[in-house]
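Trainee: Can you look at this prediction? I've put the sequence above it.
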Amino acid sequence: NHINLYVEQLTSKLEQVALAALQARQPSLVSWGQGKVGFAANRRNVPESVDQSMPLLKVTDANGKIKGILINYACHAVSLREGINQYHGDWVGEAQRLMEESQPGAIAMVAIGCGADANPIVKDIEKLEPLQRANAYGQMIADEANRLLTTSLNPLSVPPSGRIKMIDLPFTHVPGIQELVKQTEDKTVKGYYARLALDRIARGEKLPAAVSYPVQTWSFGKQLAMVFLAGEVVADYSLRLKKELDADRLWINAYSNDVPCYIPSERVLKVAGYEGALSMYYYNKPAPFAAGVEDRIVNTVHDLMPKSFKAVKK
């Protein structure tokens, strides 16, 4: 009952705040820039697979007063970890609080990039107590935001043009009843999933063969392109797109529009492990993704992206 009431209230409140925002629109000046914060680290000990860039978008009124700040960073908000039975926004919430504190009257927001395999890890900070850790990482984000706000950011003079496409990401296979019955003997979440799947089949439902996956882009003329990828996307996607597109004019968001599951790259699929295999059962999916999902997603981004954002070969 508590969950049902929460869902009903949340949906209503999200609708109300969206309508209020539309009604409160005013002429604004928008600009952006890119910085860097160094606490995101690949949690599977693949140092080259992490994106530590921190893009920032600033919105001011006609007089130059800051009204909104949006930043993006590719890292899990898990500095508190287990054992903390308190409400807290982790480093994300602390960064937001500090940004709003330094810019009275502004609304600060934090988006997460392709950080599905990244955790906050700085040796000296890791020695601190949990709340001190979260605050320290949040301070690093806020400090970089404040630094960027003192620089000459790139103005955006063209409203964004949005494009979106739905694609299917197939699983390796859909297990049959006999396979699921055998799988129930597994003592991990894989066995738990099998029992749930058998219940669904008994109710006349079919197990899905693929994930319906949204890929979206916004282009602000030739000044900036934003990519919106659904799910918990690993860093390899961001790194690849920044090689194939103009990294100086690119902003990549993950966790966008939907969060169906982890979105592994081909490299992560081959490794399997949590992000590539086990996590799928936590997300109520029948199996890992089939090979080729990375190219499907990246090719779709290219299809939606204006040619002017393609990387210039040197």
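Mentor: That came through fine.
Trainee: contacts, neighbours, all on C-alpha from now
Mentor: OK.
Trainee: Tell me how many other residues crowd Val259.
Mentor: For Val259, the count of nearby residues is 16 (other CA atoms under 10 Å).
Trainee: hang on, it packs against Phe228?
Mentor: No - between Val259 and Phe228 there is no contact under CA atoms under 8 Å: 11.6 Å.
Trainee: tell me the helices in the protein, going along the chain?
Mentor: 2-23, 90-102, 123-126, 130-149, 177-183, 189-202, 235-244, 266-271, 273, 279-282, 293-304 (DSSP state H).
Trainee: Find the residue at the geometric middle of this protein.
Mentor: Nearest to the geometric centre of the chain sits Ala254, at 2.8 Å (CA atoms, centre = their mean).
Trainee: Double-check it against Ala235; I have them as touching.
Mentor: No - between Ala254 and Ala235 there is no contact under CA under 8 Å: 9.9 Å.
Trainee: returning to that earlier point: residue contacts, the residue nearest to the centre of the chain?
Mentor: Ala254 is in contact with Ile112, Gly113, Cys114, Phe228, Leu229, Ala230, Gly231, Glu232, Val233, counting by CA atoms under 8 Å, 6 or more residues apart in numbering.
Trainee: For Tyr262, see how far away it is.
Mentor: Using CA to CA, to the nearest Å, we find Ala254 at a distance of 10 Å from Tyr262.
Trainee: any chance you could read off phi and psi for the closest residue to Ala116 other than its chain neighbours?
Mentor: Leaving aside its chain neighbours, Ala116 sits nearest to Val234 (4.6 Å; criterion: CA to CA, 6 or more residues apart in numbering). Per-residue torsions, Val234: phi -80, psi 160 (degrees, to the nearest 10).
Trainee: what about Val234, neighbour count?
Mentor: For Val234, using other CA under 10 Å, the count is 28.
Trainee: likewise Asn154?
Mentor: Around Asn154 there are 16 residues (other CA under 10 Å).
Trainee: Just the residues contacting stretch 199-212, thanks.
Mentor: Met166, Ile167, Asp168, Leu169, Pro170, Phe171, His173, Val174, Ala197, Pro260, Lys285, Pro286.
Trainee: What separation is there between Pro130 and Gln96?
Mentor: Distance, Pro130 to Gln96, using CA to CA: 18 Å.
Trainee: Show only the entries of the contacts of stretch 199-212 found in strands.
Mentor: Using DSSP state E, the members of those that fall in strands are Met166, Ile167, Asp168, Leu169, Pro170.
Trainee: So of the residues you listed, which two are at opposite extremes in space?
Mentor: Using CA to CA, the ones in strands among the contacts of stretch 199-212 span at most 13.0 Å, a distance reached by Met166 and Pro170.
Trainee: about what we covered before: what residues do Ala254 and Tyr262 have in common as contacts?
Mentor: In contact with both Ala254 and Tyr262: Gly231, Glu232, Val233, using CA under 8 Å, 6+ apart.
Trainee: What's the per-residue pLDDT of the second one here?
Mentor: With respect to pLDDT, Glu232 has a value of 98.
Trainee: Do I have it right that it meets Asn257?
Mentor: No - look at Glu232 against Asn257 with CA under 8 Å: they stay out of range, at 11.6 Å.
Trainee: quick one, which of those two is more surrounded?
Mentor: Glu232 (24 against 14).
Trainee: On the strand side of things, show who that one bridges to.
Mentor: Beta-bridge pairing of Glu232 under DSSP bridges involves Tyr262.
Trainee: Tell me the spacing between it and Tyr262.
Mentor: Glu232 sits 4 Å away from Tyr262, going by CA to CA.
Trainee: Could you list the buried residues of stretch 142-156?
Mentor: Ala142, Asp143, Glu144, Ala145, Leu148, Leu149, Leu153, Asn154, Leu156 (16 or more other CA atoms under 10 Å).
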